[in-house]
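*Asks:* Quick one, fold the following:
(one chain, ligands or ions: 1)
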Amino acid sequence: MKFFVDSADVEAIAELNDTGLVDGVTTNPSLILKSGRDILEVTKEICDMVDGPVSAEVVALETEAMIAEGRKLAEIAENICIKLPLTMDGLKACKALTSDGFKTNVTLCFSANQALLAAKAGATYISPFIGRLDDINIDGMDLIADIRTIYDNYDFQTQILAASIRSANHMKDAALIGADVATAPPNVIKAMANHVLTDKGLDAFMKDWAKTGQKIL
Ligand code: E4P
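*Replies:* Below you'll find the model as predicted:
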């Protein structure tokens, strides 16, 4: 499973990118607001830093305007992935932009039927939102499983990008189901490395090592 960082915070992305574990970045209008930065400037910085795809979202609601915004965002860098909302206008824009060779990420997906339409529109990625479904007492992970089954039934090449991830458990469950990618906030990706027994074991090893009086270097 590929890991994308769900953030427009350049420092947080840089810290994780340095681990070599980051395969891409996703942003959205709310994350741009949180960054306090100009969308074109901050997206360019992120694109220059990260090798993989960087999703930048259009804000127009009609197809032609979405296509124009998508083309403008794609001028930022080669690794831009144009993010479009899952509406009929967004799907039409997706079809047009994908046919022209752009990478696309269809976002705000909350049902398997929406995901089916995005695959038919040729989306590079579909972003089902797990956490926001969980918030209304619908199991977001069931949606990931349904999309996996449908895409495998028909060999759709659209990649499942599990989004709206809130916990390390979401990452594990998305990986078990076979999501192609998961995008998560930096704190969730870091939390995946934590285990109380790792901390306890390391502490014991360090104490015993000190007692040996030895050095490796
Ligand atoms: C990523 O593409 C989505 O915009 C993001 O994961 C949404 O997450 P949220 O539901 O925590 O805002």
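*Asks:* make it CA atoms for all contacts and neighbour counts henceforth
*Replies:* OK.
*Asks:* center of this protein - which residue?
*Replies:* residue 183 (2.8 Å; Cα atoms, centre = their mean).
*Asks:* Just give the closest residue to that one, not the sequence neighbours.
*Replies:* Excluding its sequence neighbours, the residue lying closest to residue 183 (Cα to Cα, 6 or more residues apart in numbering) is residue 4, at 4.4 Å.
*Asks:* what bridges to the one you found?
*Replies:* On the basis of DSSP bridges, residue 4 takes part in beta bridges with residue 24, residue 183.
*Asks:* pLDDT wise, what is it at?
*Replies:* Here the pLDDT value assigned to residue 4 is 98.
*Asks:* just to revisit the earlier point, would you confirm that the residue nearest to the centre of the chain contacts residue 167?
*Replies:* No. Using Cα atoms under 8 Å, residue 183 is not in contact with residue 167; the gap is 11.1 Å.
*Asks:* Let me see the contact set for the closest residue to the ligand within the chain.
*Replies:* Residue nearest to the ligand within the chain: residue 164 (3.4 Å; Cα to the nearest ligand atom). Neighbouring residues of residue 164 by Cα atoms under 8 Å, 6 or more residues apart in numbering: 128, 129, 130, 131, 132, 183, 184.
*Asks:* what ranges do the helices span in this structure?
*Replies:* Along the chain, the stretches classed as helices by DSSP state H are 10-17, 29-35, 39-49, 63-74, 88-99, 112-120, 130-135, 140-154, 168-177, 186-191, 196-212.
*Asks:* now the angle between helix 63-74 and the third one, please.
*Replies:* Compare the direction of helix 39-49 with that of helix 63-74 by axes from the mean of the first three to the mean of the last three Cα atoms, to 10 degrees and you get 50 degrees.
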